[in-house]
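> can't give you the sequence, but here's the structure:
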Ligand code: HEC
Ligand code: HEC
């Protein structure tokens, strides 16, 4: 039986619903205005002091347009003791082979057992505390591990700004440049790079949009079936009328492995675990059907 609503109350209800719609309309208007504003911001994101191009890998040049971010970037040179420990400066005398006047602590000196454990392996020669991103390239160039082992060009990938060098080496194709760089010995590859990881490795020079510039990561994400531009899962399949999904999750209690997006209007029925348990009590074969289905789906070759 539906509850009776007195006429006066009904009037108030109508007013409340109308008010809610009005608020929603104002909200939608504000959202649209906000989107328009953001779009124009995206077209014209900053006051440009210098023109950046897709070949500007020197972060100091980017710093002219983005002084605050550049200052923050430069803070990675900091070598004060922090509560996290590890990277406080250790002075050293520069040599011709290794011009650094400061390094971080040696882990192998702090715990000589590491040298015994790694005997015959390059890490026994030199293994230090990590320090700020500003040092990634220098520390890689001058580690003793370069002296005891002929290191590969692939080392460059995480330590240097390699986007522009890859583009140059591959005549515009970073994938070709990536392969070229990786196939070189380190001593050769390092001649092609100039900076530690820099603005251009993460940002589009025109829009400042974040982007991924590492072919290895793009390939890895593809293998993981995710779109590198959005980080979202690529399409695994197409569900038609009468299909169901989520059976693995309801059986195992584990988080779902994929998201389902409705492309058209659909009617969905939700079955939760307690309801399922109720059904399988009276119809035990439902459980078997679901399990069989889940096993088949899990065994499907992933695309
Ligand atoms: C997949 C990314 C990646 C690659 C490839 C890589 N590194 Fe690193 N490297 C790191 C990270 C992250 C750190 C900082 C964390 C740490 O020290 O444990 C680091 C730290 C270092 C350090 C400073 C600390 C230390 O161990 O003394 C040196 C030197 C170094 N790497 C040399 C190399 C060499 C040589 C290669 C090639 C064999 C290489 N790296 C390849 C990510 C990478
Ligand atoms: C390792 C990747 C990486 C590097 C290198 C890097 N950034 Fe960023 N930057 C980011 C990320 C991630 C954000 C945060 C984006 C967000 O929150 O939407 C960001 C945010 C920004 C923003 C704010 C953008 C906005 O829309 O508000 C600016 C400006 C910026 N970075 C400039 C720089 C400059 C200049 C450099 C070089 C000195 C630099 N970044 C280097 C990853 C990087």
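In hand now; what should we look at? Given the structure is predicted, the values throughout are model-derived calculations rather than measurements. Ligands and ions are numbered 1, 2, ... in the order given.

> CA atoms for contacts and neighbours, from now on please.
OK.

> quick one: the strands in the protein?
90-91, 102-103 (DSSP state E).

> Let me know which of those is the nearest to ligand 2.
For those, distance to ligand 2 was read as Cα to the nearest ligand atom. The smallest value, 21.9 Å, belongs to strand 102-103.

> which strands and helices sit next to that closest one?
Strand 102-103 is packed against strand 90-91, with contacts defined by 3 or more Cα pairs under 8 Å, 6 or more residues apart in numbering; DSSP states H and E.

> The strand it packs on - which strands sit beside it in the sheet, and in what orientation?
Next to strand 90-91 in the sheet, as set by DSSP bridges, lie strand 102-103 (antiparallel).

> about what we covered before: looking at the strands of the chain, which is buried most?
strand 102-103 (a mean of 17; mean count of other Cα atoms under 10 Å).

> any idea of the mean pLDDT in that strand?
Averaging pLDDT along strand 102-103 gives 90.

> ok, it near ligand 1 or not?
No - against ligand 1, strand 102-103 shows no contacts by Cα under 6 Å from any ligand atom, the least distance being 9.4 Å.

> what's next to that strand, contact-wise?
89-92 (Cα atoms under 8 Å, 6 or more residues apart in numbering).

> residues touching whatever residue of the stretch 151-300 of the chain ends up closest to ligand 2, list them.
Per Cα to the nearest ligand atom, residue 199 is where the stretch 151-300 of the chain lies closest to ligand 2, at 3.5 Å. Residue 199 sits next to 57, 59, 62 when contact means Cα under 8 Å, 6+ apart.

> what does residue 115 give?
Counting by Cα under 8 Å, 6+ apart, the residues that residue 115 touches are 108, 123-125.

> Okay, and which of these map to helices?
residue 108 (DSSP state H).

> still on that earlier bit, turn the contacts of residue 199 into CSV, columns for distance to residue 70.
Below are the contacts of residue 199 laid out as CSV (distance: Cα to Cα, whole Å):
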residue, distance to residue 70
57, 13
59, 7
62, 7
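
> Return only those of the residues you listed found close to ligand 2.
59, 62.

> Got a PyMOL select line for the buried ones in the contacts of residue 199?
To isolate the buried ones among the contacts of residue 199 in PyMOL, judged by 16 or more other Cα atoms under 10 Å, type:
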select buried, resi 57+59+62
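
> before we move on, back to that, what does the pLDDT read for the residue of the stretch 151-300 of the chain closest to ligand 2?
The model reports residue 199 with a pLDDT of 96.

> what does the stretch 101-250 of the chain have sitting close to ligand 1?
127-130, 139-140, 143, 151, 155, 157-158.

> Looking at the residues you listed, which gets the smallest pLDDT?
Taken together, these show their lowest pLDDT at residue 130, with 86.

> Nearest spatial neighbour of it, chain-adjacent residues omitted?
Leaving aside its chain neighbours, residue 130 sits nearest to residue 87 (6.5 Å; criterion: Cα to Cα, 6 or more residues apart in numbering).

> How about residue 124?
residue 115 (4.6 Å).

> Give me the number of neighbouring residues for residue 176.
The local packing of residue 176 (other Cα atoms under 10 Å) involves 17 other residues.

> which residues touch it?
Residues counted as contacts of residue 176 (Cα under 8 Å, 6+ apart) are 166, 169-170.

> Most neighbours among these, please name it.
That'd be residue 166 among the contacts of residue 176, by other Cα under 10 Å, with 26 neighbours.

> Now do the nearest residue to residue 122 once chain neighbours are set aside against residue 101, distance only.
In space, residue 122 comes closest to residue 145 once its chain neighbours are excluded; the distance is 5.2 Å by Cα to Cα, 6+ apart. Distance, residue 145 to residue 101, by Cα to Cα, to the nearest Å: 18 Å.
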